[in-house]
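J.: Return atomic coordinates for the entry below.
(chains A and B)
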There are 2 protein chains.
Amino acid sequence: MIESGVSHIEKIRHVLVAGGTHGNEYTGAFLARHWLSDDSSLKRDSFSTHVLFSNQEAFKICKRYVDRDLNRSFNPSETVSNNRALELSRARDIEQWLLSACGGGMPGAIFDLHSTTANMGKSLVLTNREPFNLLLLAYLRQRFADVNAYLWEEPNSQPGFLNSLSSKGFAIEIGPVANGVLHAECVVNTAALVHACLDFIEEWNSGINSPLPSRVPLYCFRRHVDYPRGSDNLPSAMVHPELQNRDFQALQPGEPVFLGFDGSVTLWEGDTVWPVFINEAAYYEKGIAFTVTDKLDVEISGLKSKLS
Amino acid sequence: MIESGVSHIEKIRHVLVAGGTHGNEYTGAFLARHWLSDDSSLKRDSFSTHVLFSNQEAFKICKRYVDRDLNRSFNPSETVSNNRALELSRARDIEQWLLSACGGGMPGAIFDLHSTTANMGKSLVLTNREPFNLLLLAYLRQRFADVNAYLWEEPNSQPGFLNSLSSKGFAIEIGPVANGVLHAECVVNTAALVHACLDFIEEWNSGINSPLPSRVPLYCFRRHVDYPRGSDNLPSAMVHPELQNRDFQALQPGEPVFLGFDGSVTLWEGDTVWPVFINEAAYYEKGIAFTVTDKLDVEISGLKSKLS
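T.: Predicted coordinates:
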């Protein structure tokens, strides 16, 4: 444990809290709906918090998206294309609204609220190693020992997440919960993480004095693993019961990963990895049964120097 | 425990096993797909088993249905109407196909495979108290101690389930599992229940000799309970964490049932009930947060006389 006492360059004046970026992920959608009617718990002294219900059209039909994944639509090269997908237009509208709401720039930090059918627990999905994000991860782990962070850093890929509009912030992704369902525990935990993130930014703006752990684990993208598939391109096997729910836990060579409908078992070939997003509903169509990561131990105490 | 030795009137010659009646319930959909390519585990000596993938159009878009709920479309008064919903036409096609496959009549028994986001475990949804169904329930409980049966018998209502095409059989409904997801354990357990149902019919056709429990619990429909809703008709509260996952367990007066987004708690008013389908995704639109039942203790040993 260290007293971090971080100094820093830039205060954060505008924060975006978004939910319903995927219309069938009710945790964020209903929290956004609630906070749009009563944002008292989001108010802090040193910055403004803006609430966004990102994709209400998809929410109305209880689908992840109408035409295409909104959370893959913030890639600049795509948003200016002639593609008429509702979500590309929605992404442009959100950017315009943010410019107007945040005094001509993008928000200083973005928290986008998601849910997952995988047993990810209280997870954060980071897209970079910004000191702000790693310090916030440490701050959250100090308060919620079971928070885990996945760094979705694919080489040569700009996935176009809503979060990519700011280098600070991340997706908060709590599961397992079915799509189209409110699990009170997931909703309460998500709200608690958001409130803690906002508390952290108050400290960020005035100097971080909270004790932080000296090191935190970070699960870094290595590669996606797809299901075995039949000639109809549908999965011919399922995530093995021994792998199901074991997100963020070590997968050793020789352990079972898939169970075929014919009873066949596929074993893990390769070295030790840490799978995440095991059996996420939305990733069947993306060709992802789970994603394997490397577990890194990140030093928090050294971050102060990077900031000054 | 009794030796039932039931005699009976009518042998069963045709059995239907259906899956994918709801397109986003992958357990049944993928089992139907598997058994359509290899039905060797479904073959028995004394009857034919027919496999149906009920709603492939809904499966392709990973939705419960395209135009309307297929499993509410087998009500005779509706299937002859001029409504052009895909599922009404599909229901008629299924009936025609069954007449042709089953030698001019409906199947002697139907097992329709569903999944639920509620923590229903290994559950059966019966629509009547036919001795066949109660004996089969007893037979299954003898083999799987954690099987529970919900009798969905709404007064003055013909819900139009696929199962209503035969008085024998029921829906097999295992959860919790998210829609659009394969949980291997749910799939394996569903297949095991189907195989046991087919084994039972072999006995039914030749004389039931297996030992059966003398009594079984049956959870009988009392009424549906909806969410508190806001002016936008969306839920203003969630199933309370203390009620979530407690399907088939007693709910006592004064226990919490809902948690509002404003933190308010709704307590159960009324006598002791046994809730089922707590927080099923598909029932948000049907105005059902959970269904309360009465727990009955059904005598199995007396069923023999009813049959002879």
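J.: what sits against the closest residue to chain B within the stretch 101-250 of chain A?
T.: The minimum distance from the stretch 101-250 of chain A to chain B, using C-beta to the nearest C-beta, falls at A:Ala178 (3.5 Å). Where you see a C-beta, it was placed from the backbone N, CA and C, and this is true even at glycine. A:Ala178 is in contact with A:Thr117, A:Ala281, B:Thr117, B:Pro176, B:Val177, B:Ala178, B:Asn179, B:Val181, B:Ala281, counting by C-beta atoms under 8 Å, 6 or more residues apart in numbering or on different chains.
J.: One more: A:Phe277?
T.: Per C-beta under 8 Å, 6+ apart, neighbours of A:Phe277: A:Thr116, A:Ala118, A:Met120, A:Tyr150, A:Asp247, A:Tyr283, A:Ile288, A:Phe290, A:Thr291.
J.: Mind checking which of the residues you listed are in strands?
T.: Judged by DSSP state E, the contacts of A:Phe277 include A:Tyr150, A:Phe290, A:Thr291 as members of strands.
J.: which one of the residues you listed is nearest B:Leu267?
T.: A:Tyr150 (39.1 Å; C-beta to C-beta).
J.: these two touch, right, the closest one and A:Leu124?
T.: Yes: counting by C-beta atoms under 8 Å, A:Tyr150 touches A:Leu124, with 7.2 Å between them.
J.: for the stretch 101-250 of chain A, what spans make up the strands?
T.: Per DSSP state E, counting those that start in this stretch, the stretch 101-250 of chain A carries strands over the ranges A:109-115, A:121-126, A:147-151, A:169-175, A:211-212, A:215-225, A:237-239.
J.: The residue located most distally from the centre of chain A: what secondary structure?
T.: For chain A, the C-alpha farthest from the mean C-alpha position belongs to A:Asp262; by C-alpha atoms, centre = their mean, that distance is 35.2 Å. Taking DSSP: H, G, I helix; E, B strand; the rest coil as the rule, one finds A:Asp262 in the coil state.
J.: any idea how far it is from chain B?
T.: 7 Å (C-beta to the nearest C-beta, to the nearest Å).
J.: Relative to A:Phe261, how far out is the closest residue to that residue other than its chain neighbours?
T.: Nearest residue to A:Asp262 in three dimensions, chain neighbours excluded: B:Asp38, at 7.3 Å (C-beta to C-beta, 6 or more residues apart in numbering or on different chains). As judged by C-beta to C-beta, to the nearest Å, B:Asp38 and A:Phe261 stand 8 Å apart.
J.: The two - which one has more neighbours?
T.: A:Phe261 (21 against 10; other C-beta atoms under 10 Å in any protein chain shown).
J.: can you count the residues close to A:Glu285?
T.: Count around A:Glu285 with other C-beta under 10 Å applied: 11.
J.: looking at this, it is in a helix?
T.: No: according to three-state DSSP, A:Glu285 belongs to no helix; its state is coil.
J.: before we move on, the earlier item: if we ignore the residues flanking it in sequence, what's nearest the residue of the stretch 101-250 of chain A closest to chain B?
T.: B:Ala178 (3.5 Å).
J.: Equivalent analysis for A:Ser73, please.
T.: A:Ala91 (4.2 Å).
J.: Would you mark the buried spots in the helix or strand hosting that neighbour?
T.: Assessed by DSSP states H and E, A:Ala91 sits inside helix A:86-101. For helix A:86-101, the neighbour count (16 or more other C-beta atoms under 10 Å in any protein chain shown) marks A:Leu86, A:Glu87, A:Leu88, A:Arg90, A:Ala91, A:Ile94, A:Glu95, A:Leu98 as buried.
J.: my read: the third one touches A:Arg68, true?
T.: By that I understand A:Leu88. Yes: using C-beta under 8 Å, A:Leu88 makes contact with A:Arg68 at a distance of 7.1 Å.
J.: show me the contacts for the residue most central in space within chain A.
T.: In chain A, the residue lying closest to the centroid (C-alpha atoms, centre = their mean) is A:Ala171, at 2.6 Å. Counting by C-beta under 8 Å, 6+ apart, A:Ala171 touches A:Phe111, A:Asp112, A:Leu113, A:His114, A:Leu124, A:Val125, A:Phe161, A:Asn163.
J.: mind running it again at 7 Å?
T.: A:Asp112, A:His114, A:Leu124, A:Val125, A:Asn163 (C-beta atoms under 7 Å, 6 or more residues apart in numbering or on different chains).
J.: And the pLDDT for it?
T.: Looking at A:Ala171, its pLDDT is 98.
J.: Can you tell me the closest non-neighbouring residue to it?
T.: Once flanking residues are discounted, A:Ala171 sits nearest to A:Val125: 4.1 Å by C-beta to C-beta, 6+ apart.
J.: so the one you found bridges to which residues?
T.: A:Tyr150, A:Ala171 (DSSP bridges).
J.: Pull the number of nearby residues for it.
T.: Around A:Val125 there are 20 residues (other C-beta under 10 Å).
J.: Make sure it is actually in contact with A:Gly169.
T.: No: using C-beta atoms under 7 Å as the test, A:Val125 is too far from A:Gly169 to be in contact (10.6 Å).
J.: Buried ones in stretch A:271-286, by neighbour count?
T.: Buried residues in stretch A:271-286 (16+ other C-beta under 10 Å): A:Val273, A:Trp274, A:Pro275, A:Val276, A:Phe277, A:Ile278, A:Asn279, A:Glu280, A:Ala281, A:Ala282, A:Tyr283, A:Tyr284.
J.: Can you give me the end-to-end span of that stretch?
T.: 24 Å (C-alpha to C-alpha, to the nearest Å).
J.: tell me the mean pLDDT for that stretch?
T.: 97.
J.: Over to stretch A:122-141?
T.: 97.
J.: Break chain A into its domains for me.
T.: Following automatic domain parsing, chain A resolves into domains at A:2-217, A:225-291.
J.: residues in the stretch 151-300 of chain A within reach of chain B, list them.
T.: Contacts of the stretch 151-300 of chain A with chain B, taken as C-beta under 7 Å from any C-beta of the partner chain, map to A:178-185, A:187, A:235, A:238-241, A:244, A:259, A:261, A:279, A:281, A:284.
J.: I only care about those that end up buried; give me the PyMOL line for that.
T.: Buried members of those, defined by 16+ other C-beta under 10 Å, are picked up in PyMOL with:
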select buried, chain A and resi 178+179+180+181+182+183+184+187+235+238+239+240+244+259+261+279+281+284
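J.: Could you tell me which of the residues of the stretch 151-300 of chain A next to chain B belong to helices?
T.: A:Ala184, A:Glu185, A:Val187 (DSSP state H).
J.: Much appreciated, bye for now.
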